[in-house]
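Peer 1: Quick one, what's the 3D model for this:
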Amino acid sequence: MENRADVDVAIIAAGAAGLAAAIAAAQLGLTVAVFEKNAVTGGTANRGMGPLGIESRHTRARLFRPTKDEAFEAFMNYTHWRVDANLVRAFLNKSGDTIHWLESLGVTFAEPATYFSGSYPTWHLVQPENGPPGPGGAATMMKILTQRALELGVKIHLNAPVSRLITDNGAVTGVLTARDGGTTETIRARSVVIATGGFGNSAEMIRDHAGFELDKDIFPFKIPGVTGDGIRMAWEAGALKTDMGMELVYGMPDPLTVPPALHEACRQPHVMVNLLGKRFMDESVMPNVTFTANAIAQQKDKTAFLLFDSGILEDMKRDFDTRNRVFPKERFDDAEATIETYLASGKGNFYRAPTLAALSAQTGIDGETLSNVIETYNGYCAQGYDAQFNKPQRYLRPLTGGVWYAARHFPSAYGSAGGIKINEHAEVLGQDWRPIPGLYAAGTDACSIYGDSYPFIFPGTSMGFALNTGRIAAETIYAALKTYG
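Peer 2: Numbers count the residues shown, from 1 in each chain. Alright, predicted model coming up:
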């Protein structure tokens, strides 16, 4: 069969994992074809900021921790050892070298950064073509990787969805694809890498495998084409399933349309309540967006409201209590004008009222309970001690009225996690827990290393896992073809 193959490696999708696998394989002298269902490359990474790297030259130069050993220990403690330790170790150990590999391809990194206070400085922010690092900055990296892949002879086919894997006696030997809406075509390959980015834009799979209703109680980044195609194809070929979930964060629906200053004002550690009017968390945890999303997901209708008043608004005009690298706003500039414009837009999920009772009526929060909760909370502020959740004293500000504001939050997600079981060599495992010959997976489709929560203490993990498992898949394929011909 090998002598009849059209290519050594067929890669399904041209996101971070797929392009990393393509370039690494081409650098090793393998022939590579990539089949991308959309009209552009990059996938979810086009919306990101940069990958994780452990012990890169950037972190070493700044004496930043963690080391590889420290990162592995912290990662496994975070996940309670409910994940594949060999896969975690392989990913983390390779991640620093992958930063250097990306630089050799022409990618520039601004700095290694944290996401919030208490997280590790593992996030290697891509320096965009224009402006400072920020959301979408990694699109510059994806543009560079696409160009380098083409220069290395990789054939990238756009508008070319793959519908199924071709198998022969239990081995995967190619893919069935259609180009530019034409007739289907069989591409014979000595190996296939699935890198389709998960199921973060599939209402059916999100409901069935993650327990959320898309655009009802979860509002993820809906990347076009990310609908679980690769996962379904792998399962059809006999791949083991893994635990599946969403890479949870939280915010107002469609947060990238909310003015950044308002967005961050609505994620400050004031008072967070559910529809019952009850507080349910220590709001100082809010900068850890995964922990906050976990808490919101446990509430009625998976929703919560951040409350503040005129006095707290005045405080936010001077300084925010917390800030992060995604929305690095320091204060609520032009607060009244920004609020007026947003309310006039009719986008919803932000409320203003002259009284607490009126705010309750607008939001649907139980008014009697909310009134009692605010009275109790103000008592905590007066005594300097939150007897309910031990919220740090520096964040205890009373809400006394004037004008009342509320922002409605839901779980959101950068994407999904898990689906296809792989080992530390990126080989897809079958029902007997042995590798399926010729089949590999990388990135989100196979990312089952988070346990029950995305480890935001290591920012850049998802993009880092995609790039590193893409490289690992290519290296495993090369070794196998070199050994077996």
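Peer 1: Which parts of the stretch 201-350 of the chain are strands?
Peer 2: In the stretch 201-350 of the chain, the strands defined using DSSP state E, counting those that start in this stretch lie at 245-251, 271-273, 304-309, 350-353.
Peer 1: so where is the stretch 351-485 of the chain shaky, pLDDT-wise?
Peer 2: Along the stretch 351-485 of the chain, segments meeting pLDDT under 70 span 485.
Peer 1: Surely Val249 and Pro287 touch.
Peer 2: No - look at Val249 against Pro287 with C-beta atoms under 8 Å: they stay out of range, at 11.3 Å. C-beta coordinates here come from the backbone N, C-alpha and C atoms, glycine included.
Peer 1: List the contacts of Gln298.
Peer 2: Counting by C-beta atoms under 8 Å, 6 or more residues apart in numbering, Gln298 touches Phe280.
Peer 1: Could you report the pLDDT at it?
Peer 2: You'll see Gln298 listed with a pLDDT of 97.
Peer 1: any chance you could map the strands in the stretch 1-150 of the chain?
Peer 2: Using DSSP E, counting those that start in this stretch, strands in the stretch 1-150 of the chain cover 7-12, 32-35, 109-113, 123-126.
Peer 1: Worst mean pLDDT among those strands?
Peer 2: Mean pLDDT is lowest for strand 109-113 among those, at a mean of 91.
Peer 1: What strands line up against that one, and which way round?
Peer 2: When pairing is defined by DSSP bridges, strand 109-113 lines up against strand 123-126 (antiparallel).
Peer 1: how far does the partner strand sit from the chain's center?
Peer 2: Relative to its parent chain, strand 123-126 has a centroid offset of 14 Å by C-alpha atoms, centre = their mean, to the nearest Å.
Peer 1: Not counting it itself, show me its contacts.
Peer 2: With C-beta under 8 Å, 6+ apart as the test, strand 123-126 has contacts from 49-53, 56, 58, 99, 107-115, 133, 137-138, 140-141, 325, 459-460.
Peer 1: Please name the residues that touch Arg325.
Peer 2: Neighbour list for Arg325: Met49, Ala113, Thr114, Tyr115, Trp123, Leu125, Pro133, Pro459 [criterion: C-beta under 8 Å, 6+ apart].
Peer 1: any idea of the pLDDT on it?
Peer 2: In this model, Arg325 is scored at 75, pLDDT.
Peer 1: distance of it from Tyr351?
Peer 2: 28 Å (C-beta to C-beta, to the nearest Å).
Peer 1: One more: Gln431?
Peer 2: Taken as C-beta to C-beta, the span from Gln431 to Tyr351 is 52 Å.
Peer 1: Counting neighbours around each, name which of those two comes out higher.
Peer 2: The residue with more neighbours, out of Gln431 and Tyr351, is Tyr351; 20 against 11, by other C-beta atoms under 10 Å.
Peer 1: So the residue nearest the centre of the chain: helix, strand or coil?
Peer 2: By C-alpha atoms, centre = their mean, the chain has its centre lying nearest to Tyr414, at 3.6 Å. Here Tyr414 takes the strand state, with states given by DSSP: H, G, I helix; E, B strand; the rest coil.
Peer 1: quick one: it and Gly251 touch, right?
Peer 2: No - the criterion here is C-beta under 8 Å, and Tyr414 misses it with Gly251 at 11.3 Å.
Peer 1: what about Leu150, neighbour count?
Peer 2: The number of residues near Leu150, taken as other C-beta under 10 Å, comes to 16.
Peer 1: Repeat that for the one 5 residues further on.
Peer 2: Counted by other C-beta under 10 Å, the residues lying close to Lys155 total 16.
Peer 1: Ile11 now?
Peer 2: Counted with other C-beta under 10 Å, the neighbours of Ile11 add up to 35.
Peer 1: and if you look at Ala406?
Peer 2: 25.
Peer 1: wait, doesn't it sit right on Tyr351?
Peer 2: Yes - using C-beta under 8 Å, Ala406 is in contact with Tyr351, at 4.5 Å.
Peer 1: Can you dump the C-alpha atoms of the helix or strand hosting Thr173 in PDB for me?
Peer 2: Taking DSSP states H and E as the definition, one finds Thr173 inside strand 171-178. As requested, the backbone C-alpha atoms of strand 171-178 are provided in PDB (Å, rounded to 0.1, in the frame of the first residue of the first chain):
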ATOM      1  CA  ALA A 171      -5.100   0.600   9.300                       C
ATOM      2  CA  VAL A 172      -5.900   4.100   8.100                       C
ATOM      3  CA  THR A 173      -4.600   4.600   4.600                       C
ATOM      4  CA  GLY A 174      -6.100   7.800   3.400                       C
ATOM      5  CA  VAL A 175      -9.000  10.300   3.400                       C
ATOM      6  CA  LEU A 176     -12.000  11.100   1.400                       C
ATOM      7  CA  THR A 177     -12.300  14.800   0.500                       C
ATOM      8  CA  ALA A 178     -14.100  17.200  -1.800                       C
END
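Peer 1: can you pull the buried residues of that strand?
Peer 2: Buried residues in strand 171-178, counted by 16 or more other C-beta atoms under 10 Å: Val172, Thr173, Gly174, Val175, Thr177, Ala178.
Peer 1: Which strand residues bridge the fourth one?
Peer 2: Using DSSP bridges, the beta-bridge partners of Val175 come out as Leu165, Ile187.
Peer 1: and the gap between it and Lys222?
Peer 2: From Val175 to Lys222 the distance is 25 Å (C-beta to C-beta).
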